[in-house]
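Participant: I'd like to go over a predicted model; first the sequence, then the structure.
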Amino acid sequence: MLLRNITFTLLFLLGLNPLNPARAAWVFDKASGQTLSFKDDKSGKSENLKTEAPAPSFVSVLTDPESGTGYALFEARSCRTCEAANTSLFLQRIDGKGKATSFVYPGRITDPKKGALVYSGRLFYGHCLPSVKAGIVTHQLESVDRRGAQKSVLIAEPGPQYVYEVLLERKLPNVKTTLDLVKRKVCMEVPGRNRTVLRKPLDLSPKKGLDDEEEDDEDKNDEKAPDGKTPEAGDKKAAGEES
């Protein structure tokens, strides 16, 4: 059983979905500069994804279950002039078509002056909800003026042409549902990092591409937040609602 779980996890990290191996052909090969290289494990075809990021770090391959379109999930600096510690997560088609969609890096963000929690998020990828077979699911909590703490769940799923995205603020999927799938080795969690608050209010919706510049000197070590929704937001819904 232990060997089976280890094999299952390794295949998943390489982008080979153990539940449907015929659909996940792309395997990560290497990283060089701004480029992530992949190989098709069946045909031997190669693909070089040239990102906008200075030094992307590969995380996993996510594949649209219906079309077989492959996407690379990677970590990189939030903007071109950001310090190395200021990173976001990105999801981009392996064939390079379209811009990368970026996500707030998971963990806790606090106000350095008040010591109050501004944001807390746990980001998962893979089969992380009953209706999300190969995507990103973030369970998050944001401090909102006058309304107090606001819970939400961000879902992003690879599609044939682009990433489908939705930010749920009502009838939320329960994080326990996701954690049960983590235990089954079909969903993985990105370890969170703690950092200080942004000067700008957080926008938890994904955005396209990298920012051109970093925050002011006072905010150089802060996490960069997305600042715009894509037209596709709201196209898909989640299952496993919280009671």
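Facilitator: Received the coordinates, thanks. Not measured: the values here are computed from a predicted model. Numbers count the residues shown, from 1 in each chain.

Participant: contacts, neighbours, all on C-alpha from now
Facilitator: Noted.

Participant: hey, where'd the helices end up in this structure?
Facilitator: Taking DSSP state H as the criterion, the chain contains helices spanning 2-13, 175-183.

Participant: now the last one: average pLDDT?
Facilitator: Averaging pLDDT along helix 175-183 gives 98.

Participant: could you do the longest one as well?
Facilitator: Helix 2-13 carries an average pLDDT of 50.

Participant: before we move on, what about stretch 118-126?
Facilitator: Per-residue scores along stretch 118-126 average to 96.

Participant: with stretch 38-50 instead?
Facilitator: Average pLDDT, stretch 38-50: 89.

Participant: can you give me the end-to-end span of it?
Facilitator: Stretch 38-50 has its terminal residues 11 Å apart, counting by C-alpha to C-alpha, to the nearest Å.

Participant: any weak-confidence spans in the protein?
Facilitator: 1-24, 146-147, 197-243 (pLDDT under 70).

Participant: repeat that with 80
Facilitator: Across the chain, the ranges flagged by pLDDT under 80 are 1-25, 78-85, 144-148, 197-243.

Participant: what's the spacing between Ser43 and Val186?
Facilitator: Distance, Ser43 to Val186, by C-alpha to C-alpha: 25 Å.

Participant: the two: who's more crowded?
Facilitator: Val186 (23 against 9; other C-alpha atoms under 10 Å).

Participant: now that one, what are its backbone angles?
Facilitator: When quoted as degrees, to the nearest 10, the phi and psi of Val186 stand at phi -110, psi 0.

Participant: doesn't Val132 make contact with it?
Facilitator: No: if you go by C-alpha atoms under 8 Å, Val186 and Val132 don't touch, sitting 11.1 Å apart.

Participant: any residues in contact with both of these two?
Facilitator: Counting by C-alpha atoms under 8 Å, 6 or more residues apart in numbering, the contacts common to Val186 and Val132 are Gly126.

Participant: now Glu142, nearest residue through space, not along the chain?
Facilitator: Closest residue in space to Glu142, ignoring its immediate chain neighbours: Tyr119 at 4.5 Å, by C-alpha to C-alpha, 6 or more residues apart in numbering.

Participant: gap between the one you found and Pro106?
Facilitator: 9 Å.

Participant: do Phe58 as well
Facilitator: 16 Å.

Participant: so for these two, which sits in the more crowded spot?
Facilitator: Each of Phe58 and Pro106 has its neighbours counted (other C-alpha under 10 Å); Pro106 has more, 24 against 19.

Participant: which ones are touching that one?
Facilitator: Taking C-alpha under 8 Å, 6+ apart, one finds 120-123, 190-193 in contact with Pro106.

Participant: how about it, phi and psi?
Facilitator: With angles defined as degrees, to the nearest 10, Pro106 sits at phi -70, psi 160.

Participant: hmm, Tyr119 is touching Arg108, no?
Facilitator: Yes: between Tyr119 and Arg108 there is a contact at 5.7 Å, judged by C-alpha under 8 Å.

Participant: compare the two (neighbour count), which wins?
Facilitator: Tyr119 (25 against 20).

Participant: so what's the more buried one bridging to?
Facilitator: Beta-bridge pairing for Tyr119 (DSSP bridges): Ile109, Glu142.

Participant: and it, how far from Gly192?
Facilitator: To Gly192, Tyr119 is 12 Å away according to C-alpha to C-alpha.

Participant: which neighbours do these two have in common?
Facilitator: Common neighbours of Tyr119 and Gly192 (C-alpha under 8 Å, 6+ apart) are 107-108.

Participant: burial count for Pro158?
Facilitator: Counted with other C-alpha under 10 Å, residues neighbouring Pro158 total 28.

Participant: report the beta-bridge partners for it.
Facilitator: With DSSP bridges as the rule, Pro158 is bridged to Val163.
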